[in-house]
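# The amino acid sequence is not available; the structure is as follows:
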């Protein structure tokens with residue numbers, strides 16, 4: 001990336017916002033991890049119950065290492081819960097387990113935004129890795145071969161555009177999974193009123209990390225367009 005004053009003023013505020021959101025997310029999950037769940041169900045048990053309640057029996061629930069490393073894998077059909085979520089019975093583990101199962105429910109019901117995101121995953125994996133090299137190579141070649149350099153620059157910007165599209169599509173997927181989780185937790189009375197409020201708060205802060213990521217991706221794309229794209 002070519003750092004200059006324009007890039008700093010566009011992206012620095014978002015980096016600051018990202019740090020704040022991450023701090024709040026970590027502190028909320030740390031706090032709610034100390035709140036023993038009244039139903040006394042671990043994350044694994046909650047995940048099993050939510051999947052069964054939705055008639056989903058072909059998804060495995062596995063424990064993975066790391067903190068806040070929880071995710072749903074639609075290719076392998078696994079709900080991957082971090083060890084602290086998998087084994088613990090607290091408000092944070094309940095919210096996370098239900099959220100990841102929300103993705104499994106999306107998959108089972110053919111949720112359109114999830115299908116779109118799944119299609120983009122392999123494309124984004126390639127374009128995000130090559131995009132920066134195309135930008136660097138194109139900027140270098142533009143000095144000696146303007147047409148070739150600018151064409152390569154355009155490919156690099158297109159690669160970043162795919163990443164931005166992926167970030168935007170991720171937003172409805174994540175918000176919908178949280179909505180399904182909260183609805184199920186409340187309807188099945190897995191959590192009491194206090195725990196429900198805490199679960200909503202935890203998932204809201206988690207969702208904000210995706211919002212900030214989308215803002216950062218948009219800012220990077222806009223910067224690249226102003227820096228290189230307008231000439232094309």
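In hand now; what should we look at? Every value quoted in this text rests on a predicted model; they were computed, and no experiment measured them.

# I'd like to know how far the residue of the chain most remote from its centre sits from residue 93.
Distance from the centre of the chain peaks at residue 144, with 40.4 Å (C-alpha atoms, centre = their mean). Applying C-beta to C-beta, to the nearest Å, the value for residue 144 to residue 93 is 58 Å. For every residue, glycine as well, the C-beta is placed using N, CA and C.

# same thing with residue 190?
In terms of C-beta to C-beta, residue 190 sits 11 Å off from residue 93.

# Between these two, which contacts overlap?
37, 46 (C-beta atoms under 8 Å, 6 or more residues apart in numbering).

# Between the two, tell me which one has more neighbours.
residue 93 (30 against 23; other C-beta atoms under 10 Å).

# List the contacts of the closest residue to that one other than its chain neighbours.
Closest residue to residue 93 apart from its sequence neighbours, by C-beta to C-beta, 6 or more residues apart in numbering: residue 43 at 3.8 Å. By C-beta under 8 Å, 6+ apart, the contact list for residue 43 reads 81, 85, 86, 87, 88, 89, 93, 94, 96, 97.

# pLDDT at the closest residue in space to the fourth one that isn't next to it in sequence, what is it?
Read it as residue 87. Leaving aside its chain neighbours, residue 87 sits nearest to residue 42 (5.8 Å; criterion: C-beta to C-beta, 6+ apart). With respect to pLDDT, residue 42 scores 97.

# Tally up the residues packed near residue 42, please.
By other C-beta under 10 Å, 19 other residues sit near residue 42.

# go on, residue 91?
29.

# Could you tell me whether residue 140 really is in a strand?
No - per DSSP: H, G, I helix; E, B strand; the rest coil, residue 140 lies outside any strand segment and is helix.

# Please, which helix or strand holds the nearest residue to it once chain neighbours are set aside?
Nearest residue to residue 140 in three dimensions, chain neighbours excluded: residue 149, at 7.2 Å (C-beta to C-beta, 6+ apart). Using DSSP states H and E, residue 149 falls within helix 146-187.
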